[in-house]
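**Q** The following comprises the amino acid sequence and a computationally predicted model.
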Amino acid sequence: MSEVPAARLPVVAVVGPTATGKSELGVALALALGGEVVNADAMQLYRGMDIGTAKVTAAERCGVTHHQLDVLEVEQDASVAAYQRDARADLAAARARGARPVVVGGSGLYVRALMDRMELAPVDPRVRADLEARAQTLGPGLLHDELARLDPAAAATIGRANTRRIVRALEVIEITGRSWTAVLPEQEYATPAVQIGLDCAREVLDARVEARVDRMWRRGLVEEVAGLAPRIGRTAARAVGYAQVLALLQGDLTPQAARESTVVGTRRLARKQMGWFGRDPRVHWLDAADPELLDRALRLVADADAGRLVDPGAHSRRLGS
């Protein structure tokens, strides 16, 4: 598409909510551009978590090299800092080989850690352990109230039941003396990039989510989780689908309730992802159901390569808004 060396062309990213077909478009773009895919889905980092994360199979990769898949054991806790280091190394190595990096995923913080100028806030195991103990004793709601006093903007974007993010925000405040929102990165690429967002009408997305959950159950999600359960760690165990099946295996949910809860949880995740990416004005939105999706995406890439992309707000919109 361009005679410019691959190392100087913008990184391509395919982002947006779950069940919109990001993986399929990412592979198609990589094939068309001579690229390699860098995964930016936090749960697809885990080896063995295949069905419940809709991880692309070897056949579905169509020979395209994929990075940052199956790099963690399920007992390990994923780290944004480790991901940033390793994924940026994969991106640089792909460019050195003359391949076009295509970032694909819906984990907003991981996408930004890879692509933006982002210095991650420090961690302190002692402070974190103390906050986690307080959350277990008092409940996350009271810690959320504390966060709301210290950083109302952060509290407004973090759910009252999201213990992990509440603890992290309070940890940053205690360590740095600054608000969680103050240490978040500016929306500035570390290297030139073009983000293609996939979205679709809410009723279409809801139907896609339900169909995806049905496929996961048919393909053996319960059996997959049962095999991982003896060693699954706290981070992997929180993944949508895995948490519900673990509850099923423990006798806390019926099979029907686990399935329905997975549908509800996946829809909720999709809306959270849409909220995250929808706040980024750099994303160029396309209709995931458009039969000419690949051609439209390739035109966006060509425009980015030629330096003629206009403000996304001038020609694209979020379909689900």
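**A** Thanks, I have it.
**Q** list the helices and strands the helix or strand bottoming out on mean pLDDT in the chain packs on?
**A** Ranked by mean pLDDT, DSSP states H and E, the weakest helix or strand in the chain is helix 180-183, scoring a mean of 75. In terms of contacts (3 or more C-beta pairs under 8 Å, 6 or more residues apart in numbering; DSSP states H and E), helix 180-183 is packed against helix 152-157, helix 163-176. For glycine as for every other residue, the C-beta is placed from the backbone atoms N, C-alpha and C.
**Q** what comes up buried for that helix?
**A** Neighbour-count burial for helix 180-183, counted by 16 or more other C-beta atoms under 10 Å, picks out 180, 183.
**Q** follow-up on the earlier one: can you tell me which of the helices and strands packed on helix 180-183 is most buried?
**A** Greatest average neighbour count among the helices and strands packed on helix 180-183 goes to helix 163-176 (a mean of 20), per mean count of other C-beta atoms under 10 Å.
**Q** which residues in the stretch 51-200 of the chain form strands?
**A** 66-67, 100-104, 193-199 (DSSP state E, counting those that start in this stretch).
**Q** ok so, going back, got the helices and strands packed on helix 180-183 as CSV, with distance to Leu205 and mean pLDDT columns?
**A** Converted to CSV, the helices and strands packed on helix 180-183 look like this (distance: least, C-beta to C-beta, whole Å; pLDDT from 0 to 100):
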stretch, distance to Leu205, mean pLDDT
helix 152-157, 21, 88
helix 163-176, 24, 90
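**Q** mind giving me CSV with the ones you listed and columns for distance to Arg117?
**A** Shown next, in CSV, are the helices and strands packed on helix 180-183 (distance: least, C-beta to C-beta, whole Å):
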stretch, distance to Arg117
helix 152-157, 20
helix 163-176, 18
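**Q** of the strands of the stretch 51-200 of the chain, which approaches Ala161 most closely?
**A** Proximity to Ala161, assessed across these by C-beta to C-beta, is greatest for strand 193-199 (25.8 Å).
**Q** rewinding a little: now, of the strands of the stretch 51-200 of the chain, which is deepest in the fold?
**A** Mean neighbour counts for the strands of the stretch 51-200 of the chain (mean count of other C-beta under 10 Å) peak at strand 100-104, with a mean of 27.
**Q** Average pLDDT for that strand, rounded please.
**A** Strand 100-104 carries an average pLDDT of 98.
**Q** distance between that strand and the chain's centre?
**A** 14 Å (C-alpha atoms, centre = their mean, to the nearest Å).
**Q** Please list all residues in contact with Val213.
**A** 241, 259, 262-263, 266 (C-beta atoms under 8 Å, 6 or more residues apart in numbering).
**Q** one more time with 10 Å, if that's ok
**A** Going by C-beta atoms under 10 Å, 6 or more residues apart in numbering, Val213 touches 19, 52, 221, 240-241, 244, 259-267.
**Q** which of those are buried?
**A** 19, 52, 221, 240-241, 244, 259, 261-263, 265-267.
**Q** sorry, back to before: could I get the strands of the stretch 51-200 of the chain as TSV with distance to Arg134?
**A** Formatted as TSV, these follow (distance: least, C-beta to C-beta, whole Å):
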stretch	distance to Arg134
strand 66-67	38
strand 100-104	36
strand 193-199	37
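**Q** how about the closest residue to Asp280 other than its chain neighbours, what does it touch?
**A** Among residues not flanking Asp280 along the chain, Gln187 sits closest, at 6.1 Å (C-beta to C-beta, 6 or more residues apart in numbering). Gln187 makes contacts with 112, 115-117, 279-282, as judged by C-beta under 10 Å, 6+ apart.
**Q** What distance do you get for Ala201 to Leu246?
**A** 32 Å (C-beta to C-beta, to the nearest Å).
**Q** neighbour count winner among these two?
**A** Counted by other C-beta atoms under 10 Å, Ala201 and Leu246 do not tie: Leu246 has more neighbours, with 21 against 13.
**Q** now the more buried one, what's its secondary structure?
**A** Here Leu246 is recorded as helix under DSSP: H, G, I helix; E, B strand; the rest coil.
**Q** Check Ala13 too.
**A** strand.
**Q** So what pairs up with the residue nearest to it when sequence neighbours are not counted in the strands?
**A** Nearest non-adjacent residue to Ala13, counting by C-beta to C-beta, 6+ apart: Val103, 4.0 Å away. Judged by DSSP bridges, the bridge partners of Val103 are Ala13, Val38.
**Q** Just want the most central residue of this protein.
**A** Among the residues of the chain, the one closest to the centroid is Ser107, at 1.4 Å (C-alpha atoms, centre = their mean).
**Q** surely it meets Pro17?
**A** No - between Ser107 and Pro17 there is no contact under C-beta atoms under 10 Å: 11.4 Å.
**Q** Name the residues contacting each of the two.
**A** 273, 276.
**Q** residues touching the residue lying closest to Ala153 once chain neighbours are set aside, list them.
**A** Spatial nearest neighbour of Ala153, chain neighbours left out: Thr181 (4.5 Å); criterion: C-beta to C-beta, 6+ apart. The contact partners of Thr181, taken as C-beta under 10 Å, 6+ apart, are 151-157, 169, 172.
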